[in-house]
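*Asks:* A structural model of the following input is requested.
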Amino acid sequence: MFASLKDVRHGLNASGYLTDPVATTTVYLAAQLHKPLLLEGPAGSGKTQLAYAVAQAAGTNVERLQCYEGINEEKAIGKFDEALQRLCVELRSRSETPDWESLQTELHGQQFFSAGPLLRALQYEKPCVLLIDELDKVDHTFEAMLLEVLSVWQLSIPKLGTIPAKSIPFVVLTSNQERRIGDPLRRRSFYLRVEHPTAEREAEIVAMKTPGASAEFHAGMAGLAKALRGWSLEKPPSVSEILDLAQALRILGEQRVTVDMRDTLLPLLAKTEADRRKLLLRDGFASLVFDAQQYTAQSLQRSVE
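*Replies:* Reported below is the predicted structural model:
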C-alpha cells in the first residue's frame with residue numbers, strides 16, 4: 001500500500017490526520033508485514049478516523065464492519081440471497097426440465113451470495129482498508145471467527161466453500177475498552193494506544209479545519225477541549241465535536257467562548273442530560289471558561305518559547 005515510510009507520513013498529513021512518528025512507523029510496518037493494527041483508547045480520540053486517513057493516503061476504499069452487541073456472522077461475512085435463489089429455481093422450472101443436482105451447485109455459488117464487509121474486503125483486486133470498529137462490543141466467539149481472516153486471509157463459508165483473498169487488506173481494529181480484547185487477536189496485531197490529543201496538537205488539528213482563524217482562536221478551542229475533558233463529563237467531547245464547535249463559532253462570527261454564550265453552546269457541548277445540568281450551572285460554566293482561558297494562555301506561551 002505504501003512504497004516508503006515517507007509516503008505514509010506525507011499521505012496522512014495530506015489527509016488532515018496529524019500523528020506522531022511512532023504511529024506513522026507502526027502504520028507503515030503493519031502495511032508491509034500484513035499485520036492488523038489494534039487501536040485502543042477513549043471514544044472520540046480519533047481511532048476510526050485513522051483508518052479513513054490510511055485509506056485516503058493509500059488511495060483506496062474502506063470496508064467498515066461496525067460491531068455491536070448481538071452481531072452475527074451473516075452481518076459480517078454475508079448470506080445467500082434466498083429470494084434470488086427461489087426466483088432462479090422458478091424461472092428454470094418454467095423454461096426447461098432442470099438438472100436439480102447442477103442447479104443446487106449453481107444456487108450455492110458466489111453469484112447468489114450477498115457479501116458482507118469481511119468477504120468484500122478480501123475480494124478487492126488491490127488492498128482496501130478493513131475497519132472492524134468497536135470490537136470491544138462483541139464477545140469472544142465473534143472474535144474467534146475473525147481469526148481465520150487475520151491468520152490465513154481466507155473465509156470458510158458453509159455451502160459456498162473456502163474463499164481466499166485476492167488481496168490482503170490493511171486491517172484496523174478499534175476498541176473503546178468496554179471489554180478486554182482476547183490474546184489471540186492481540187498476538188496477531190500491532191498495538192497503538194490512541195489518547196485525546198495534547199492541547200498543542202489539537203490546536204494544529206483545529207487550524208487545519210479553520211485556516212482563516214487566528215492562532216489565538218485555534219489555541220482557545222484546544223484549551224476549551226482540555227477543560228471539558230477534565231471536567232468529569234459523562235460524554236467528554238471528541239476531536240470531531242471540537243471541530244464542529246470551532247466551525248459553529250466561525251459561522252456565528254465569534255472568536256472565543258465567553259460565559260454569556262452558555263445557553264447558545266449547550267447543544268454543542270452537552271450530549272447527556274447529566275452533562276447538560278452540570279453546564280447549566282452558571283458558576284460552573286464560568287469556572288470552565290476560566291480553566292479554558294488558562295490552558296489557552298499556557299499553550300500560547302509554550303508556542304512562543
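
*Asks:* can you give me the strands in the stretch 51-200 of the chain?
*Replies:* Read by DSSP state E, counting those that start in this stretch, the stretch 51-200 of the chain holds these strands, from start to end of the chain: 62-66, 78-80, 113-115, 129-133, 154-157, 161-164, 170-175, 190-193.

*Asks:* Nearest to Thr105, out of those?
*Replies:* The closest of these to Thr105 is strand 161-164. By Cβ to Cβ, the value is 10.8 Å. No exception for glycine: its C-beta is placed from N, CA and C like everyone else's.

*Asks:* mind listing what's buried in the closest one?
*Replies:* Judged by neighbour count (16 or more other Cβ atoms under 10 Å), strand 161-164 contains these buried residues: Ile163.

*Asks:* Same check on stretch 296-305?
*Replies:* Residues Thr296, Ser299, Leu300 are the ones in stretch 296-305 that count as buried (16+ other Cβ under 10 Å).

*Asks:* Now do the closest residue to the last one other than its chain neighbours, the pLDDT please.
*Replies:* Closest residue to Leu300 apart from its sequence neighbours, by Cβ to Cβ, 6 or more residues apart in numbering: Ala219 at 5.2 Å. We have a pLDDT of 93 for Ala219.

*Asks:* Isn't Ala219 up against Gln301?
*Replies:* No: at 9.8 Å, Ala219 and Gln301 do not qualify as touching, with contact defined as Cβ atoms under 8 Å.

*Asks:* Nearest to the spatial middle of this structure, which residue is it?
*Replies:* Thr48 (1.5 Å; Cα atoms, centre = their mean).

*Asks:* hang on, isn't that one packed against Leu135?
*Replies:* No: under the contact definition of Cβ under 8 Å, Thr48 does not touch Leu135, with a separation of 11.7 Å.

*Asks:* Next, show the common contact partners of those two.
*Replies:* Each of Thr174 lies in contact with both Thr48 and Leu135 under the rule Cβ atoms under 8 Å, 6 or more residues apart in numbering.

*Asks:* Local confidence estimate at Glu305?
*Replies:* 65.

*Asks:* Would you report which members of the buried residues of stretch 296-305 are assigned to helices?
*Replies:* Under the assignment DSSP state H, the buried residues of stretch 296-305 contribute Thr296, Ser299, Leu300 to helices.

*Asks:* Need the worst-confidence member of those.
*Replies:* When these are compared, the smallest pLDDT is that of Ser299, 82.

*Asks:* dump the residue contacts of it.
*Replies:* Counting by Cβ under 8 Å, 6+ apart, the residues that Ser299 touches are Ala199, Glu200, Ala203, Ala219, Ala222, Gly223.

*Asks:* How much space separates the second one from Met261?
*Replies:* In this case it means Glu200. 24 Å (Cβ to Cβ, to the nearest Å).

*Asks:* residues contacting Pro36?
*Replies:* For Pro36, the set of contacting residues under the criterion of Cβ under 8 Å, 6+ apart consists of Ala30, Leu150, Val171, Val172, Leu173, Leu185, Arg188, Ser189, Phe190.

*Asks:* Can you give me the neighbour number for the closest residue in space to the fourth one that isn't next to it in sequence?
*Replies:* By that I understand Val172. Nearest non-adjacent residue to Val172, counting by Cβ to Cβ, 6+ apart: Ala51, 4.0 Å away. Other residues near Ala51 come to 24 when the count uses other Cβ atoms under 10 Å.

*Asks:* Check the one 5 residues further on too.
*Replies:* Residue neighbour count, defined by other Cβ under 10 Å, stands at 18 for Gln56.
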